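Engineer: Generate a structure from the sequence data that follows.
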Amino acid sequence: GGGRRWMSLAAGEAAEGEEDMEEQVPVPTGRMSPEHGIDKYCIVKIQGKQHKVVEGDSITVDKIIGRYVGDALTFEEVFLFGTAEGKTVIGQPIVEGASVEVVLEQQTKAPKVWILKKRRRKNSRRMRGYRADVASLRIMKINPPTSM
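Structural biologist: Residues are numbered from 1 along each chain as shown. As a prediction, this is how the structure comes out:
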């Protein structure tokens, strides 16, 4: 319904109470909004999977073998680096000089996943479950690329 009202207006003509509509600047929402204080983000490869991260984030990844809680890690395979001002560097395939510093917060198990196999009309059912080993990482710092 709202689209028709805008189409019905002649060019340059404004409806009642909408004179200052053009002067409003859209404000970004979500994690990249100014009130959150986040000024950069990146897409980084961690154990073969890509994650979009910002500083201060906590992400869950597969268990990191050979590391312990409190260890500091650096991931240098950054595929994309962006800022809140709109500057973006896309890697070919990675962004040179960019890296992400993280701290291993926790090694635990994910919630249980149940697998049910059933053959209809055969009175045959098999139920299995497993809990994946996961690690929780805190993003401490995103280092910008050398080209910025």
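Engineer: surely Arg128 meets Lys112?
Structural biologist: No. In this structure Arg128 lies outside contact range of Lys112 using Cβ atoms under 8 Å: 10.4 Å. (C-beta placed from N, C-alpha, C; glycine too.)
Engineer: Quick check, central residue of this protein?
Structural biologist: Lys52 (3.3 Å; Cα atoms, centre = their mean).
Engineer: wait, that residue sits on Lys40?
Structural biologist: No. Between Lys52 and Lys40 there is no contact under Cβ under 8 Å: 11.8 Å.
Engineer: where exactly do the helices run in the chain?
Structural biologist: Assigned by DSSP state H, the chain shows helices spanning 2-8.
Engineer: lowest-confidence helix or strand of it?
Structural biologist: helix 2-8 (a mean of 47; mean pLDDT, DSSP states H and E).
Engineer: Is Tyr130 bridged to anything, and to what?
Structural biologist: Beta bridges link Tyr130 to Val113, judged by DSSP bridges.
Engineer: That one and Val113: what is the separation?
Structural biologist: Distance from Tyr130 to Val113, counting by Cβ to Cβ, to the nearest Å: 6 Å.
Engineer: what's the answer for Asn123, then?
Structural biologist: From Asn123 to Val113 the distance is 25 Å (Cβ to Cβ).
Engineer: Those two: who's more crowded?
Structural biologist: Val113 (10 against 7; other Cβ atoms under 10 Å).
Engineer: Cheers, nothing more for now.
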